[in-house]
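Enquirer: Build the 3D model from these lines:
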Amino acid sequence: MPFSNRLDWAARPNRLTELLEARRAQGARLLDLTESNPTRAGLDYDKQAILAPLAGESSLLYRPHPAGLESARRAIAAYYAARGHEVDPGQIILTAGTSEAYGFLFKLLADPGDEVLVPRPSYPLFDYLARLEGVAVRQYRLVYDHGWWLDLESVRAALGERTRAIVAVSPNNPTGHFLKADEQQALVTLCAERGLALITDEVFFDYPLGSPRGRAPSAVTVGGALSFTLNGLSKAAGLPQMKLGWIVVSGPRELLEAAMARLELIADTYLTVGTPAQEAAGAWLEWAERFQRRLRTRLEGNLAHLNSALSGTPAGVLECEGGWYAILQLPRTRSDEEWALELLRGDGVLAQPGYFYDLDQEACLVVSLLVEPEVLREGICLLLARL
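Expert: Got it, this is the predicted structure:
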């Protein structure tokens with residue numbers, strides 16, 4: 001057939017997906033502990049604050065700029081300034097979400113057959129994003145020992161002659177691991193020595209849980225190596241439907257300027273970011289401060305309930321420093337997939353098995369802290385009954 005081999009289009013659904021589809025077809029009640037869409041999580045959205053900025057007449061004008069409208073980039077620079085970081089709007093490239101940002105960066109940094117390093121465990125999208133650009137993925141490890149840590153030796157071991165970039169996610173999804181200051185510096189030093197780029201995904205950066213130990217500052221502060229920091233409105237403002245993300249480029253001046261020139265050419269080829277979203281970015285980022293405070297209250301409350309409910313049971317919650325997810329460690333009497341299947345089949349409770357995220361430990365389930373509290377409480381109560 002005249003199709004590319006970038007993806008395995010013949011992949012079969014896993015057993016959990018097949019069971020979920022069957023239960024939905026039967027109209028069975030579900031307690032979904034995996035909900036990650038903030039617009040479907042019972043959160044209070046200020047309709048006026050979100051919709052009013054879309055009504056301006058300037059949204060009717062098409063004024064394409066490869067990097068994005070300066071007004072939007074200034075609003076993003078102000079977002080960082082409020083967090084104590086100086087970012088020049090000229091260092092910012094707007095994208096239609098962070099997935100597109102990865103696509104731009106893989107085009108910028110790698111030729112077909114080149115490699116990027118990504119963390120394990122992590123969100124399973126990296127492999128698809130890389131393969132669609134003809135790029136290979138190699139993994140380095142995050143290890144758990146009274147908290148999550150970056151295994152720097154595994155980073156070094158994964159490096160090859162065709163490695164072009166190291167991807168870090170801070171905080172990581174689903175582990176909640178924030179890069180520590182010394183971990184970030186070690187990656188910067190390694191990238192500078194090897195002529196690599198550092199890509200840091202900070203989409204959950206505004207959602208620390210508690211006081212993470214030794215947390216590194218935002219990667220927009222990195223100056224010792226070519227660095228790309230990703231974020232966007234999907235998580236920062238709970239607005240995934242608006243499809244507005246950004247890349248902040250930092251590092252040595254010569255490399256920074258060369259990267260910006262090439263990124264602008266890539267972005268100019270697509271011009272994907274809609275004018276209304278760019279025009280509204282400033283107002284949405286101002287509203288985001290209120291949204292984040294309310295959402296952090298839910299995330300912290302749900303995590304506290306998990307820790308309390310599982311205390312003194314054969315299960316537990318792995319330490320989580322930030323983000324929207326938690327990992328439950330269950331008895332190893334069965335695999336994580338078998339636990340997930342049993343909960344869905346017997347109780348209508350949907351949780352994700354750890355292997356979805358390349359978690360090495362058995363038996364782990366991943367649940368969302370975004371879930372409405374009453375749904376989480378009922379689902380965990382049913383889990384406890386099974387224990």
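Enquirer: How far does stretch 224-236 sit from its chain's centre?
Expert: 10 Å (Cα atoms, centre = their mean, to the nearest Å).
Enquirer: for that stretch, how far is the first residue from the last?
Expert: Taking Cα to Cα, to the nearest Å, stretch 224-236 runs 27 Å from one end to the other.
Enquirer: Now do the nearest residue to Leu190 once chain neighbours are set aside: how many residues are near it, please.
Expert: Of all residues not flanking Leu190 in the chain, Val155 sits nearest, at 6.8 Å (Cβ to Cβ, 6 or more residues apart in numbering). Where you see a C-beta, it was placed from the backbone N, CA and C, and this is true even at glycine. Burial of Val155 is recorded as 22 neighbouring residues (other Cβ atoms under 10 Å).
Enquirer: Isn't Val155 up against Tyr140?
Expert: Yes - in this structure Val155 lies within contact range of Tyr140 using Cβ atoms under 8 Å: 4.3 Å.
Enquirer: Identify the contacts common to these two.
Expert: Common contacts of Val155 and Tyr140 (Cβ atoms under 8 Å, 6 or more residues apart in numbering): 117, 166.
Enquirer: And the helices in the stretch 201-350 of the chain?
Expert: Here the stretch 201-350 of the chain has its helices, by DSSP state H, counting those that start in this stretch, at 233-236, 253-270, 275-310, 336-347.
Enquirer: Looking at the ones you listed, which is nearest to Asp145?
Expert: Closest to Asp145 of the helices of the stretch 201-350 of the chain is helix 275-310 (Cβ to Cβ; 18.6 Å).
Enquirer: sorry, back to before: show me what contacts the residue nearest to Leu190?
Expert: 117, 140, 166, 187, 190.
Enquirer: what's the burial count for the closest residue to Asn307 other than its chain neighbours?
Expert: In space, and not counting its chain neighbours, Asn307 is closest to Val317: 5.3 Å by Cβ to Cβ, 6+ apart. A count of nearby residues for Val317, using other Cβ under 10 Å, gives 18.
Enquirer: Report the contact partners of Val317.
Expert: Contacts of Val317 by Cβ under 8 Å, 6+ apart are 303, 306-307, 310, 326-329.
Enquirer: repeat that for 6 Å
Expert: Residues in contact with Val317 (Cβ atoms under 6 Å, 6 or more residues apart in numbering) are 306-307, 310, 326.
Enquirer: same thing with Asp358?
Expert: Neighbouring residues of Asp358 by Cβ under 6 Å, 6+ apart: 120-121.
Enquirer: I'd like the distance from it to Leu16, if you could.
Expert: Look at Asp358 and Leu16: by Cβ to Cβ, to the nearest Å, they are 16 Å apart.
Enquirer: Same check on Thr200?
Expert: Note on Thr200: its distance to Leu16, by Cβ to Cβ, is 31 Å.
Enquirer: who has more neighbours, these two?
Expert: Counted by other Cβ under 10 Å, Thr200 and Leu16 do not tie: Thr200 has more neighbours, with 25 against 19.
Enquirer: Skipping its backbone neighbours, what lies nearest the more buried one in space?
Expert: Closest residue to Thr200 apart from its sequence neighbours, by Cβ to Cβ, 6+ apart: Ala219 at 3.7 Å.
Enquirer: was I right about that neighbour contacting Thr229?
Expert: Yes - counting by Cβ atoms under 6 Å, Ala219 touches Thr229, with 4.4 Å between them.
Enquirer: what is in contact with those two at once?
Expert: Thr200.
Enquirer: With Trp284 as the reference, measure out to the residue nearest the centre of the chain.
Expert: Computing the C-alpha centroid of the chain and ranking residues by Cα atoms, centre = their mean puts Val203 first, at 5.2 Å. Separation of Val203 from Trp284 (Cβ to Cβ): 15 Å.
Enquirer: got it, and Asp201?
Expert: In this structure, Asp201 and Trp284 are 20 Å apart, going by Cβ to Cβ.
Enquirer: the more surrounded of these two?
Expert: Using other Cβ under 10 Å, the more surrounded residue of Asp201 and Trp284 is Asp201, with 27 against 23.
Enquirer: residues in contact with that one?
Expert: 169, 230.
Enquirer: who's it bridged to?
Expert: Val169, Leu230 (DSSP bridges).
Enquirer: I'd like to know which elements the lengthiest strand in the chain is packed against.
Expert: If you go by DSSP state E, the chain has its longest strand at strand 136-144. Counting contacts by 3 or more Cβ pairs under 6 Å, 6 or more residues apart in numbering; DSSP states H and E, strand 136-144 is packed against strand 115-120, helix 125-132, helix 152-158.
Enquirer: Distance from the helix or strand following that strand to the middle of the chain?
Expert: Downstream of strand 136-144, the next assigned helix or strand under DSSP states H and E is strand 148-150. Put simply, strand 148-150 sits 17 Å off its chain's centre (Cα atoms, centre = their mean).
Enquirer: next one: stretch 189-205
Expert: Taking mean C-alpha positions (Cα atoms, centre = their mean), stretch 189-205 and its chain are 15 Å apart.
Enquirer: what sits against Ala41?
Expert: Contacts of Ala41 (Cβ under 6 Å, 6+ apart): 35, 370.
Enquirer: Could you do Pro38 as well?
Expert: Going by Cβ under 6 Å, 6+ apart, Pro38 touches Gly238.
Enquirer: Please report the distance of it from Leu359.
Expert: Here the criterion is Cβ to Cβ. By it, Pro38 lies 24 Å from Leu359.
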